[in-house]
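> One predicted model, sequence on top.
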Amino acid sequence: MSKDTMDEITRQFKITQGVNCFERDYDPNERYYFVDYHDIEDCRWVRIPYCDTAYLRVVLANLPYARDWEQGGKYIPLFKNLRVTPEEELEELRKGAWNEETNSYEKDFYTNRVLRFDKRYEVMPEFSGGREPLSKKEDETQEEWEKRVETHNFHKELRKKEEIKRDCDLAQRVRSQKENNNGTLHFVWGGYSVGEDE
């Protein structure tokens, strides 16, 4: 098997099955999620950052269950408190104190990621398109930090506009292919194919 063939097989596997964040490159067109839950059997809190959508399906499909025959074969989850949080939400600065003068919340110095998961998960800009975490650095002045946050927010709005356009284009493509019953999209919900394969 040639190296090009093997590279293509690996690329396809990463697209359809997903791989963890340490085994793939960041894709700015992909949505990423942070999965966390309590593993009852091992009595530990599991945290899986930067899951692309393919890997998210793998993680959710492999959550631990037991089949309880005393309850007629019912599946019992061996996990609890499952959360799937968009990484973009975790990148944001958390809301600080309420300001009566502006009728809004002040921005805090820390991101939602630090608040929920601590600083260990904050230092991975290589998995967020090179964007630095928004938490204020210890050696950063207030002015430098505010400028960095302002720049981040500007670029975030640009990314949001691009994402809306991509979503609208995809929605139009889906509607068109469903109406005409043709095209390159194969519709899958919950891991089950919908309709017949051609």
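Here it is on my side, so go on. Numbers count the residues shown, from 1 in each chain.
> And for Thr111, the neighbour number?
Around Thr111 there are 22 other residues, counting by other CB atoms under 10 Å. Bear in mind the C-beta positions are built from the backbone N, C-alpha and C, glycine included.
> what pLDDT does it get?
The predicted local distance difference test score for Thr111 is 84.
> Can you give me every residue that contacts it?
Neighbouring residues of Thr111 by CB atoms under 8 Å, 6 or more residues apart in numbering: 90-94, 122, 133-135.
> ok, now how distant is it from Pro64?
Using CB to CB, to the nearest Å, we find Thr111 at a distance of 30 Å from Pro64.
> again, but for Leu170
Where Pro64 is concerned, Leu170 sits at a distance of 33 Å (CB to CB).
> Looking at those two, which one has more neighbours?
Each of Leu170 and Pro64 has its neighbours counted (other CB under 10 Å); Pro64 has more, 14 against 11.
> Narrow the contacts of Thr111 to those in helices?
Here DSSP state H is the test, and those give 90-91 as lying in helices.
> Name the nearest residue to the spatially most central residue of the chain, sequence neighbours excluded.
Relative to the mean C-alpha position of the chain, the nearest C-alpha, by CA atoms, centre = their mean, is the one of Tyr33, at 1.7 Å. Setting aside the residues directly before and after it, Tyr33 is nearest to Cys51 in space (CB to CB, 6 or more residues apart in numbering), at 4.8 Å.
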